[in-house]
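J.: give me a model of this one.
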Amino acid sequence: MATSHEPTRLLAVIPARGGSKGLPGKNLRPFAGLPLIAHSILFAKLCPQISRCLVSTDSTEIAETAKRFGAEAPFVRPAQLAQDTSPLWPVLQHALAWAERQDGTPYDALLLLDPTSPAREPSDVRGAVAQLRERTDADGVIGVSQPEFHPIWHCVIEQEGGWMADLHPEGASYVRRQDLPKVFRINGSLYLWRTPFVRSQEDRTWRQAGRHLLCEIPESRAMSIDTLEQFERAELLVKHGLITFPWLSEALVR
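T.: So this is what the prediction gives:
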């Protein structure tokens, strides 16, 4: 039986709601020759750390596409979890509870794979799982990258009267950019949590309640596709060979 610090049974969840206002139909939109969601499904197949992968969706069309690429989409996401305003945390809890009821065995960790961030590599998951295994005091591991601009150095806000002010109070105290502390952004590439933490936390509280490690991923692979402009930019990166997908050549013969 796995102990709390050995994430040997890992459930991957790919959430894919049918409705999308920023980029309608984005999960099924052709990207690099495949439906966008297919990239996350085929990626999961390359990760031996993943024990089972589920697609959580309210869309029959997404479910059928997911199954065509070898994923499980065994349930319809409840309507209350598929609204524009629905938080994601209860979606993960629902998928975890469903899988554990069906399997009759608890999972040790849950991996969230957002289909709008398809440029992960298997080594990212391997590294995140290793971090969680080594650090018994961590609740999760979050994919991050160093942004191209430094928020402390560059970010400002507009105050009353139109005056500029530093977003971060320390911004004006640095004379040289080289002296700034290293800053990361959560880039959506992967989220890995121990399942006791997932079960116990209410929605929207994981960042405040848990202790999380950073899994650094190059900013060049930290794409997030939620608008048409982001989609077209990501397509250009793939077209020019700046982003490559190890599963692509095999999948295109389907």
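J.: is it correct that T105 is in contact with S51?
T.: No. Under the criterion of CB atoms under 8 Å, T105 makes no contact with S51, lying 9.7 Å away. In this view, the C-beta of every residue, glycine as well, is placed from N, C-alpha and C.
J.: of the two, who's got more company?
T.: Using other CB atoms under 10 Å, the more surrounded residue of T105 and S51 is S51, with 18 against 11.
J.: out of the helices and strands in the chain, which is least certain?
T.: Ranked by mean pLDDT, DSSP states H and E, the weakest helix or strand in the chain is helix 248-251, scoring a mean of 66.
J.: which residues in the stretch 51-200 of the chain form helices?
T.: 60-68, 89-103, 122-134, 151-154, 195-200 (DSSP state H, counting those that start in this stretch).
J.: just give me the neighbour total for M223.
T.: Close neighbours of M223, defined as other CB under 10 Å, add up to 21.
J.: same question, Q146
T.: 16.
J.: just the pLDDT for it.
T.: For Q146, the pLDDT comes out at 93.
J.: so it versus V238, what's the distance?
T.: Q146 sits at a distance of 22 Å from V238 (criterion: CB to CB, to the nearest Å).
J.: now do the contacts for the closest residue in space to Q102 that isn't next to it in sequence.
T.: Distances taken as CB to CB, 6 or more residues apart in numbering place P74 nearest to Q102, at 7.8 Å, with adjacent residues excluded. By CB atoms under 8 Å, 6 or more residues apart in numbering, the contact set of P74 is L54, W98, Q102.
J.: save those residues as a markdown table, and put in distance to E160 too.
T.: As requested, those are exported to a markdown table (distance: CB to CB, whole Å):
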| residue | distance to E160 |
| --- | --- |
| L54 | 49 |
| W98 | 50 |
| Q102 | 56 |
